[in-house]
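Novice: Give me coordinates for this.
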Amino acid sequence: MRQAGADAERNVRARSGPLYTRDVGDGLAVLLLHAFPLNGRMWEPQLEALCGSARLLAPDLPGFGLTPPPSGIPSLDDYAAAALGVLDTLAIDRVLVAGLSMGGYVAFRLLDRLGDRVAGLLLADTRATPDTEDGARRRHQLAAEIEASGVDVAAGEFIPKLLGSTSQAERPELIDRVREMIRENTPVGLAAALRAMAARADSTPRLARIRCPVVCIAGEEDVLTPPDVARAIARHIPGGRARTIPRAGHLTNLEAPEAFNDVLRDLVAASTPA
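Specialist: Numbers count the residues shown, from 1 in each chain. Just a heads-up that it's a prediction; the model follows:
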């Protein structure tokens, strides 16, 4: 059995390009797609707690963490293709896809590519709708600022929005941890991802076609994608369920890992054939 920890991390060279991917545990494969502006290391609480019940794959998307920056101007479809390349390289037939925030946007782009290979879907603190015109414009402005001044611009902009009021008041160590992860990314990678998110299409029409078990999560204190957003997504998905995580903001997996892990563990069980 693969164990959590540095000695279990491996570099997976996907057909669409290299993605550094943490690969731990055994059982149903779970693809963990990280939020912006973090990287695959944000899933450490899940890698440690759930490696006994599933095979967890946590890639760094291009320009994040230990994956080199993208060339050109990528789209969310390019990120989805890179993630699919990891699954194909590892010969993974069925997978539960879990995406948080930007990871959810990438998950939507993966669904058609994976088809019946999707065993389950966890959509955490994300939305199916595209950016507003003002929202897209702000992303482009922020991308230019990051290119000019570095990744600390993203930390200053996002940390107050990523963490809920409880975490900001009671967990200064988590603020430092999130800032550290942001600083592990490249300005090129963050800027490219912002532009890709600004250009994303509406994924709402895809929701009614989903036929696997689905849970939509939102933190009770999430100011970016409040619980009403998760409930709206779930209503469009046949059999979709929504859960609100108390005392958590946008980064539910880090702010309330036990509650998050319980939801993911139950979804793994529901998505695993008897």
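Novice: Name the surrounding residues that touch stretch 252-259.
Specialist: 42-43, 45-46, 49, 100, 124-125, 163-164, 166-167, 171, 174, 177-178, 217-219, 222, 245-249, 260 (CB atoms under 8 Å, 6 or more residues apart in numbering). Every C-beta, even on glycine, is put in place using the N, C-alpha and C of the backbone.
Novice: what does stretch 227-244 give?
Specialist: 123, 125-128, 204, 207-208, 210-211, 213-220, 263.
Novice: Could you rerun that using 6 Å?
Specialist: 127-128, 207-208, 210, 214-218, 220, 263 (CB atoms under 6 Å, 6 or more residues apart in numbering).
Novice: what does stretch 190-209 give?
Specialist: 36-37, 63, 70, 74-76, 105, 108, 128-131, 136, 139-140, 142-143, 146-147, 151, 154, 236-237.
Novice: Quick one, which of those residues are buried?
Specialist: Among these, the ones that count as buried by 16 or more other CB atoms under 10 Å are 36-37, 63, 70, 74-76, 105, 108, 128, 130, 136, 139, 142-143, 146, 151, 154, 236-237.
Novice: which ones among those are found in strands?
Specialist: Of the buried ones among the contacts of stretch 190-209, none are assigned to strands by DSSP state E.
Novice: In helices only, show me these.
Specialist: Among the buried ones among the contacts of stretch 190-209, the ones falling in helices (DSSP state H) are 76, 105, 108, 136, 139, 142-143, 146, 154, 236.
Novice: Which single one of those is nearest to Ala54?
Specialist: Phe108 (21.7 Å; CB to CB).
Novice: Many thanks, I have nothing further to ask.
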